[in-house]
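> turn this into a structure:
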Amino acid sequence: MPTRSWETTGQKVFYRPIEAGIRWSGLLAHEQRILEVVGTRPLLEPNAFPEWPALHLNTERIVDALVNGDLVYGKNGITCHDPTLIDSPDLTVRHVDLKAWMADFYPGEKPAFLFSGVERRLHTAISAEAVQALLADHEALKIRLAHQTEASKQLQSDLETLHQKHEADVQRTQRAQQPSRRSESTYLNIVAGLLTLLLGHSPSGHPYSSFNTQDAVISAMIAHHGDRLGISQSTLENKFAKAKQHMQGN
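A predicted model of the protein is given here:
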């Protein structure tokens, strides 16, 4: 059969100051011995149990709170405000009042006889107000994140629209730069005609130019205009071949 928590922690409905001090100090196993020495006094003698200084300190803290009105007390578990009880063996403090007092005045102290395991694991520096403030901040951050996400989506949409517009502009520019079929046919006829003249002869057999071959024409063009776009060996050979083919096909 499992041990019940109140049996292991020494929980009671009310306590004498020394009983509460014993439990606060974690000395429940020595309670009988301590009570035999204390008797009916609310406090220990200064030279009693020097090996347990926490017992003296914690018991004095409780009595100090009773004397100064910080902790509600009574007689044999019945709450009443009677100053004559301070030195009485019948002086008691209720469990619920002791727990509330300790939470307010000693939040870092959470003895097992007053606080559950969950309560002891909670960070002592986090109050209910702090938790509420954190929750409010969390909600505010969620709202800001939602707004930022929406703004990011809108920005992404705008970027995609701009990209599509840019692509369309590039395509229009490329199409505008490309000659039409009619223009290209004209250029090819001109190139083929000039090449024929450069390499051709008059009806009497005299050459129209000093160029004897197409390679000579290409070499001369590269020598004079090699820094221009399209003036290269491969490009000229390709264009000349295409011009001849076009001329022959017409």
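> which stretches of the protein have low pLDDT?
The chain contains residues with pLDDT under 70 at 1-7, 122-128, 130-131, 175-179, 250.
> which helix of it spans the most residues?
helix 128-177 (DSSP state H).
> residue 199: neighbour count?
Residue 199: 16 surrounding residues under other CB atoms under 10 Å. Glycine gets a C-beta too; all of them are placed from N, C-alpha and C.
> could you pull up phi and psi at the closest residue to it other than its chain neighbours?
Once flanking residues are discounted, residue 199 sits nearest to residue 211: 6.1 Å by CB to CB, 6 or more residues apart in numbering. Per-residue torsions, residue 211: phi -80, psi 130 (degrees, to the nearest 10).
> tell me which residue of the protein is furthest from the middle?
Centroid-distance maximum for the chain: residue 204 at 90.9 Å, with CA atoms, centre = their mean.
> quick one, what contacts that residue?
Residue 204 makes no contacts at all, as judged by CB atoms under 8 Å, 6 or more residues apart in numbering.
> surely it forms part of a helix?
No: judged by DSSP: H, G, I helix; E, B strand; the rest coil, residue 204 forms no part of a helix; its state is coil.
> residues touching the residue nearest to residue 199, list them.
198, 199, 217, 220.
> after the longest helix of the chain comes which helix or strand?
helix 181-199 (DSSP states H and E).
> and after that next one, which helix or strand comes next?
helix 214-225.
> what's the angle from the helix or strand just after that next one to helix 214-225?
Downstream of helix 214-225, the next assigned helix or strand under DSSP H and E is helix 233-249. Angle, helix 233-249 to helix 214-225, by axes from the mean of the first three to the mean of the last three CA atoms, to 10 degrees: 130 degrees.
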